[in-house]
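[1] Could you work out the structure for the sequence below:
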Amino acid sequence: MLGRFKKIREFKEERPKDEFESKLLDLARVVKVSAGGRRLRFRAVVIIGNKKAKVGVGVAKGLDVAQAVEKATRFAKKNLIEVPIINDTIPYEVSSKFGAAEILLKPQRKGRGLVAGGTVRVICNLAGIKNISSKVLGRTGNKLNNALATISAIKKLKIKESHATAPVKANS
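    Predicted coordinates:
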C-alpha cells in the first residue's frame, strides 16, 4: 500500500518545470451587489512570457485569490503571442489604443535599455525585448487597459521573412 503512494510522489516530481515566467500585474476585489447581499470575488491579471519572444495576458475571476491567479495563468498560456524582435528591439514604431489607454512603442539602439513604465515594462521584460522606449499617452492609470493596449500594439508588428532569417550583424 505504501509503495503505491511513493510511485505517485515520484511521478509528480518528474514533471518538467514550466518554461514561462509569470508576473501578477493586478489583483482587485470585485463585488456584485444583489438583493441577497454582496458577492465578493477576486479578479487577477497575469502576464506570462519566456523572454524568448513569447508573451501573453490572462484575466480571470475566482472566489479566492489563488483560484483567480491560477485561472488567469491558464488563460494567459492560451493567449500567447509571438513578438517580432530584431537586435533586441522591435522592428519599427507602433502605437495602439484600448479604451482610454493609448501606448506608443519605439525601437531603440543597442545598449539603450528598457525605457518603459509600469505595465509596459513588465510585458517587454517578459517578452525578451531589451531595448525599447515607450510612452503611455492615454489618460488612464488602469493597468488592465494599459496591458491590453500594449499587447495590441505588439500584435500590429510584422516583419518580412528576409529580416526574420537574416543573421545579426555586429557593429565594429
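
[2] Going by C-alpha atoms from here, please, whenever you check contacts or count neighbours.
    OK.

[3] beta partners for the residue most central in space within the chain?
    In the chain, the residue lying closest to the centroid (CA atoms, centre = their mean) is Ile47, at 3.2 Å. Beta-bridge pairing for Ile47 (DSSP bridges): Lys23, Val57.

[4] Which stretches in this structure count as strands?
    Along the chain, counting by DSSP state E, strands occupy 21-34, 37-49, 54-62, 81-82, 94-98, 101-107, 114-115, 132-136.

[5] pLDDT of the longest one, averaged?
    Put plainly, it is strand 21-34. Confidence over strand 21-34 (mean pLDDT, whole number) is 94.

[6] List every C-alpha atom in that strand, with coordinates, as CSV.
    Output of strand 21-34 as CSV, limited to C-alpha atoms (Å, rounded to 0.1, in the frame of the first residue of the first chain):
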residue,chain,number,x,y,z
GLU,A,21,7.8,33.2,-16.1
SER,A,22,4.7,34.8,-14.7
LYS,A,23,4.0,38.1,-13.0
LEU,A,24,0.9,39.2,-11.2
LEU,A,25,0.1,42.6,-12.6
ASP,A,26,-3.1,43.5,-10.8
LEU,A,27,-5.3,42.0,-8.2
ALA,A,28,-8.7,43.5,-7.5
ARG,A,29,-11.6,42.7,-5.1
VAL,A,30,-14.8,43.0,-7.1
VAL,A,31,-18.3,43.0,-5.5
LYS,A,32,-21.6,42.1,-7.1
VAL,A,33,-24.5,43.6,-5.1
SER,A,34,-27.7,41.7,-5.4
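
[7] in this structure, what spans have low per-residue confidence?
    1-17, 161-172 (pLDDT under 70).

[8] Can you spell out the domain ranges of it, please?
    If you go by automatic domain parsing, the domain ranges for the chain are 15-78, 83-159.

[9] can you give me how far stretch 153-162 is from the chain middle?
    In this view, stretch 153-162 has its centroid 17 Å away from the chain centroid, taken as CA atoms, centre = their mean, to the nearest Å.

[10] Go through it and flag the buried ones.
    Using 16 or more other CA atoms under 10 Å as the test for burial, stretch 153-162 gives 153-154, 157.

[11] so of those residues, which ones are in helices?
    Secondary structure defined by DSSP state H assigns 153-154 of these to helices.

[12] Output the buried residues of stretch 153-162 as a markdown table; include the columns distance to Gly117.
    Shown next, in a markdown table, are the buried residues of stretch 153-162 (distance: CA to CA, whole Å):
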| residue | distance to Gly117 |
| --- | --- |
| Ala153 | 16 |
| Ile154 | 16 |
| Leu157 | 20 |
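
[13] Go through the buried residues of stretch 153-162 and name the one nearest Ala127.
    Set against Ala127, the nearest of those by CA to CA is Ile154 (10.1 Å).

[14] Many thanks, I have nothing further to ask.
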